[in-house]
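S.K.: With the input below, show me the fold.
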Amino acid sequence: MTSVLLGSTLSALATGLGALPILFMKNVTHKWRDILLAFAAGIMMAASLLSLIPESLASGNFIQLAIGIFLGVLVLTILETNMPHIHVEDASKKIEIDQKAMLVVAAITLHNIPEGLSVGVSYAGGEEQLGNLVALAIGLQNAPEGFLVALFLVNQNINRFVALGIATLTGAIEVVTALGGFALTNIFASLVPYGLAFAAGAMLFIIYKELIPESHGDGYERQATYSFIVGILFMVLLIHYFE
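M.R.: Numbers count the residues shown, from 1 in each chain. Presented below is the predicted three-dimensional model:
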């Protein structure tokens, strides 16, 4: 239990660690904003297609994969349709968080639930080394995702420290789900294929519906395209060496 708690906590904190650079970025121009969004889209695309989907198939079957993906898309569609704007108290005024930012926060949070379950199930398998490896791989993937959440929030004029805190909290759910997965291995192990596919569906929805369109339209499409490809390669590198 100590190992799974430590491993999942460090993995979750990587989300906040990845968001730290947002504290030192004074001004994010349209050009750099588009480049960073496209980079994040590339990371999420590679994570979905080369990690989440293959892992879902490996632990389940195509039917479970398809059900999970469509459920992820359905939930994000419902969220997009019904999600109200959320107000955050910031010093002397209330600031409205754009719906796109809230969708990204929701998608990353949902994506972290099956990842936390994967960590817990891995530790419960009896090989601590496997659990450590999975926790490390997920932690490395969490870092750029934390930056993505913080970037979206800062773009909505949210205080940088508040954005950092929210980004960190999106990863904190992994600790809870990892402990649950460890304690109830038999139950959650059967749900992992659906959870991984669900996360992939939610992320694919965000990539195509929000991130790619958001990174185009300001005249920096070519730079954003290059950044998207670099983001894919960056995540492929992490997947290749740490999974």
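S.K.: excluding its backbone neighbours, what's nearest residue 50?
M.R.: Using CB to CB, 6 or more residues apart in numbering and skipping residues adjacent in sequence, the residue nearest residue 50 is residue 239, 5.5 Å away. To be clear about C-beta, it is placed using only N, CA and C from the backbone, and glycine gets the same treatment.
S.K.: residues in contact with that neighbour?
M.R.: Residue 239 makes contacts with 46-47, 50-51, 137, as judged by CB atoms under 8 Å, 6 or more residues apart in numbering.
S.K.: most neighbours, which of those residues?
M.R.: Neighbour counts for the contacts of residue 239 were taken using other CB atoms under 10 Å; the highest belongs to residue 47, which has 26 neighbours.
S.K.: That one touches residue 234, doesn't it?
M.R.: No. Under the criterion of CB atoms under 8 Å, residue 47 is not in contact with residue 234, lying 10.5 Å apart.
S.K.: and stretch 207-217, which residues are buried?
M.R.: Residues 207, 209-212, 214-215 are the ones in stretch 207-217 that count as buried (16 or more other CB atoms under 10 Å).
S.K.: One more: stretch 155-168?
M.R.: If you call a residue buried by 16+ other CB under 10 Å, then stretch 155-168 has these buried ones: 155-156, 158, 160, 162-164, 166-168.
S.K.: repeat for stretch 104-113
M.R.: For stretch 104-113, the buried set under the neighbour-count rule, 16+ other CB under 10 Å, comprises 104-113.
S.K.: what mean pLDDT does that stretch have?
M.R.: The average pLDDT within stretch 104-113 is 75.
S.K.: Need the contact partners of that stretch.
M.R.: Outside of stretch 104-113, the residues within contact range by CB under 8 Å, 6+ apart are 12, 15, 52, 72, 75-76, 79, 83, 142, 145, 148-149, 152-153, 166, 170-171, 173-174, 177, 195, 198-199, 202-203, 205-206, 210-211.
S.K.: Would you mind listing which of those residues are buried?
M.R.: Using 16+ other CB under 10 Å as the threshold, 12, 15, 52, 72, 75-76, 79, 142, 145, 148-149, 152-153, 166, 170-171, 173-174, 177, 195, 198-199, 202-203, 205-206, 210-211 are the buried ones among those.
S.K.: quick one, helices of the protein?
M.R.: Remark: helices of the chain, listed N- to C-terminal, are 2-19, 30-47, 53-59, 62-82, 99-124, 128-155, 160-183, 185-206, 212-214, 221-242; assignment by DSSP state H.
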